[in-house]
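Visitor: Structure of the sequence below:
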Amino acid sequence: MRWQGQQLGVADAAALPGLEHIDGLVRSVTTPEFAGVTFHEVMAKSALNHVPGASKMPFDWTVNPYRGCSHACVYCFARGTHEYLDLDGGRDFDTQVIVKVNVAEVLTRELHRGSWTKQPVMLGTNTDPYQRAEGRYKLMPDIITALTDSGTPFSILTKGTLLRRDLPQLTDAAREVHVTLAMSIAVFDEQLQKAIEPGTPSTQARLDTVRAATEAGFRVTVFLMPILPHLSDSIAALDDALRRIKAAGATRVVFGALHLRPGVKPWFMQWLRREHPDLVSSYLGLYPGAAVEAPKAYRSWLTKRVRPLLRVHGLDGRTEEETPRGVPVSGLAARSRVITTSRGAAAAAVTQEPATLF
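Guide: Modelled structure (predicted):
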């Protein structure tokens, strides 16, 4: 969704005083159990987002029930998208969460159009559908129902342990359509995790969720991303991470080095200067100027470090950049030409190999 009709700066004469410039706003909510976070409830005009053809993403369609994220991951690549709403990509991204309260209703309508061809849909690519707000708004069960009833295969990528609430429903859905699940776990050092992902569930809680999904019959992929130069890229750190991932029952790992997009880099560097001032010069060397990715030499070095450890722990794994455009990534919804999308074929695929792409 491009947020037409819900962007700041568009006056709404029917809005309450002081809220005229967020058209579609229902209300803004603060509650004691979400101290410091404001939820802006809006009426979405669309739910399905088409991924631009030039994108490197391996899927065509996404659904994002929330904008902004209380996980508050310092490195989150989606921070810059908050600036489309004239909110900043720093503190506002963490605390001003947009909630599409009617997203399931709109999605149901879109999925039943004659033009919809049941292409795979991805959830969790911009902001997390199982962030803390989901505990209040409970949007995902109706989204899952809409996708399943329409015969649309889908994937979920999350850091949220609230996924466990919906595992029975997801298990039922997997009997009808192709369902894939992936858990994002970037940091396995408890102190670093609390510093750089202050709003996320603990690493162990996420590993326990991987185990629960595995026991429910899903073959779960773990996204070991981003790997942070000089903070989580040592052999000891990577070995510990992969050992614990394997013990949790995951079968695949997708890994990659930190990206610092323009809307993220200032916020991340501010955090780094505060928490690890000794690493600032190293990061400026790795990510100079407008550079988004770490140098190719570092990425190759990292791959050579991770691969032997994957073999040691008996895990299938690949880097994010090893997947060419249009080729499916483990744990993510594939482009329509990769997965058969008819209900019968999808169900057969799940019967043979639940929650996989191949």
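Visitor: can you give me the strands in the stretch 1-150 of the chain?
Guide: 25-29, 38-42, 48-50, 61-63, 66-67, 96-100, 121-123 (DSSP state E, counting those that start in this stretch).
Visitor: Compare the ones you listed and report which one is nearest to Gln191.
Guide: Of all those, strand 96-100 sits nearest to Gln191, with 26.4 Å by CB to CB. Every residue, glycine included, has its C-beta placed from N, CA and C.
Visitor: what helices or strands is the closest one leaning on?
Guide: strand 38-42, strand 66-67, helix 133-137 (3 or more CB pairs under 8 Å, 6 or more residues apart in numbering; DSSP states H and E).
Visitor: in the first one, what counts as buried?
Guide: Residues 39-42 are the ones in strand 38-42 that count as buried (16 or more other CB atoms under 10 Å).
Visitor: The last one now?
Guide: Using 16+ other CB under 10 Å as the burial criterion, the residues of helix 133-137 that qualify are 133-134, 137.
Visitor: Could you do stretch 86-97 as well?
Guide: 87-90, 92-97.
Visitor: before we move on, back to that, and the helices and strands packed on strand 96-100 as a markdown table, adding mean pLDDT and distance to Ala216?
Guide: Output for those, formatted as a markdown table (pLDDT from 0 to 100; distance: least, CB to CB, whole Å):
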| stretch | mean pLDDT | distance to Ala216 |
| --- | --- | --- |
| strand 38-42 | 91 | 30 |
| strand 66-67 | 92 | 24 |
| helix 133-137 | 94 | 19 |
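Visitor: Would you mind checking the average pLDDT for stretch 71-89?
Guide: Averaged over stretch 71-89, pLDDT sits at 82.
Visitor: Report the buried residues of that stretch.
Guide: Those would be 71-82, 85, 87-89, for stretch 71-89 by 16+ other CB under 10 Å.
Visitor: coming back round to it: just so I know, which of the strands of the stretch 1-150 of the chain lies nearest Ala173?
Guide: strand 121-123 (12.1 Å).
Visitor: quick one: strands adjacent to the closest one?
Guide: Here strand 121-123 is paired, per DSSP bridges, with strand 61-63 (parallel), strand 154-158 (parallel).
Visitor: In JSON lines: those, plus distance to Pro201.
Guide: Formatted as JSON lines, the strands paired with strand 121-123 follow (distance: least, CB to CB, whole Å):
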{"stretch": "strand 61-63", "distance to Pro201": "22"}
{"stretch": "strand 154-158", "distance to Pro201": "10"}
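Visitor: and among these, the most buried is which?
Guide: strand 154-158 (a mean of 25; mean count of other CB atoms under 10 Å).
Visitor: give the contact list for the closest residue to Glu215 other than its chain neighbours.
Guide: If the residues on either side of it in the chain are set aside, Glu215 comes closest to Gly249, at 7.3 Å by CB to CB, 6 or more residues apart in numbering. With contact taken as CB atoms under 8 Å, 6 or more residues apart in numbering, Gly249 is in contact with 210-211, 214-215, 220.
Visitor: Quickly note the distance from the residue most central in space within the chain to Ala250.
Guide: Centroid check for the chain by CA atoms, centre = their mean gives Gly124 as the closest residue, at 3.3 Å. Separation of Gly124 from Ala250 (CB to CB, to the nearest Å): 16 Å.
Visitor: Alright, that wraps it up for me.
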